[in-house]
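J.: okay, predicted coordinates and the sequence, questions at the end:
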Amino acid sequence: MIEAIATVEGYHHGQLTISWFSQTACGHCEQADECGSGVVAKAMAPKQNRLTLDSPTSYPVGSQLRIGIAEQDLLRASAAVYLLPLMTGLLLAVLAQASIGLEGITILASLFGGVAGWAVARQWAAKQPKPLTILGQLGQPIAGA
């Protein structure tokens with residue numbers, strides 16, 4: 001289970017809106033100042049994520065929640081987002097090269113396949129249930145926060 005701490009932004013009619021900052025694995029070891037990945041991780045601003053999901057429980061705005069996603073769900077989503085566009089781009093490039101043989105057409109077919117694969121992956125992801133799980137609440141919200 002991959003976990004993060006999220007903040008409740010709102011709750012309306014069974015819909016809970018939460019936000020959290022993405023964390024990088026780099027920058028946490030003693031080599032962070034000398035490692036290229038650690039230097040890049042320090043230069044990048046953390047990204048704030050926002051998500052609305054179904055929740056039978058109402059949490060007060062400002063509450064901190066432990067959220068998690070199972071590794072297999074993350075791998076499945078990653079495969080759809082990265083592999084599907086790559087595979088459709090390669091497949092259309094091979095088909096275009098074999099049938100037409102022109103380099104420009106092959107490049108265009110590859111780009112079209114990548115965009116088509118991305119569109120299919122996006123539609124598939126929108127139809128999937130959100131695999132995020134609320135693991136628990138971390139205390140009460142701070143007044144005035």
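T.: Received it, and whenever you're ready, just let me know what you need.

J.: would you mind measuring from residue 136 to residue 76?
T.: In this structure, residue 136 lies at 24 Å from residue 76, with Cβ to Cβ, to the nearest Å as the measure. Bear in mind the C-beta positions are built from the backbone N, C-alpha and C, glycine included.

J.: the more surrounded of those two?
T.: Just comparing residue 136 and residue 76: by other Cβ atoms under 10 Å the higher neighbour count belongs to residue 76, 14 against 10.

J.: buried stuff in the host helix or strand of that one?
T.: Assessed by DSSP states H and E, residue 76 sits inside helix 71-78. Within helix 71-78, the residues that qualify as buried are 73, 77, counting by 16 or more other Cβ atoms under 10 Å.

J.: so what does residue 15 look like in phi/psi?
T.: Comment: the main-chain dihedrals of residue 15 come out as phi -110, psi 120, following degrees, to the nearest 10.

J.: tell me the pLDDT at it?
T.: Per-residue confidence for residue 15 comes out at a pLDDT of 90.

J.: for the residue nearest to it when sequence neighbours are not counted, what are its contacts?
T.: For residue 15, the nearest residue in space outside its immediate sequence neighbours is residue 52; the separation is 5.3 Å by Cβ to Cβ, 6 or more residues apart in numbering. Taking Cβ atoms under 8 Å, 6 or more residues apart in numbering, we find residue 52 in contact with 15-18.
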